[in-house]
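[1] When you get a sec, could you give me coordinates for this:
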Amino acid sequence: MSSLEGGSLTVQCRYSPVWETHVKWWCRGASWAGCQFVVKTTESEKEVKKDRVSIRDNRKNRTITVTMEKLRLNDADTYWCGIEKFGADLGVQVKVTIDPAPVSLEETSGSPAVTSPGSSSGSVFLEASIILPLISAVLILLLMVASLVVWRMVKQQKKGASAPGGRYLLYKLEPAAG
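    Residues are numbered from 1 along each chain as shown. Coordinates of the predicted model:
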């Protein structure tokens, strides 16, 4: 699963009917045995929230829903969606990646300033959606100019080839005797 820095991420984990009444949890850490619990359910349908993470157990649909909000780059890690049971718990691994938020430049009093992606102050994003079409247009223009040059060269060669013998005829002009 992946999301942008500052955004949110929702993970849904399904389980079989046998586990409906069991406590559900979300923990963090690459190792199953050593992961740290982030949040656990207390009862069905009740959302439990801890800091920027919430968990909800929908027993009708048999779905655990975990939401992580206001994501930070250091939230990227291995997480586990699990069910508490007698003996070893059940769980499934979820890899979470967080991509940096795009940065925009805004002109304020003649000096550039960095603004957040959600800003509505008319900032200009230097994204691929602007740069790629511009580069494509320049390349197409260069291709058209190159094609025109090649076309003219071929046309001149054909013109020269149409003379008798396929070569240019040279005439020597001498003064008339008199």
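[2] What backbone torsions are found at the nearest residue to residue 76 once chain neighbours are set aside?
    Spatial nearest neighbour of residue 76, excluding adjacent residues (C-beta to C-beta, 6 or more residues apart in numbering): residue 98 at 4.5 Å. (Each C-beta comes from the backbone N, C-alpha and C, glycine too.) The phi and psi values for residue 98, taken as degrees, to the nearest 10, are phi -120, psi 120.
[3] residues contacting residue 98?
    Going by C-beta atoms under 8 Å, 6 or more residues apart in numbering, residue 98 touches 2-5, 71-73, 75-76.
[4] who touches residue 22 in this structure?
    Residue 22 sits next to 83-85 when contact means C-beta under 8 Å, 6+ apart.
[5] May I ask which helix or strand encompasses it?
    Using DSSP states H and E, residue 22 is not contained in any helix or strand.
[6] For it, give its distance to residue 154.
    Distance, residue 22 to residue 154, by C-beta to C-beta, to the nearest Å: 78 Å.
[7] got any ranges where the protein has weak pLDDT?
    104-138, 159-178 (pLDDT under 70).
[8] hmm, try it at 50
    Scanning the chain for pLDDT under 50 picks out 107-128, 166-172.
[9] Please parse the protein into its domains.
    Domain assignment for the chain by automatic domain parsing gives 2-99, 128-163.
[10] Can you measure across the first one, start residue to end residue?
    Think domain 2-99. Using C-alpha to C-alpha, to the nearest Å, the span of domain 2-99 from its first residue to its last is 7 Å.
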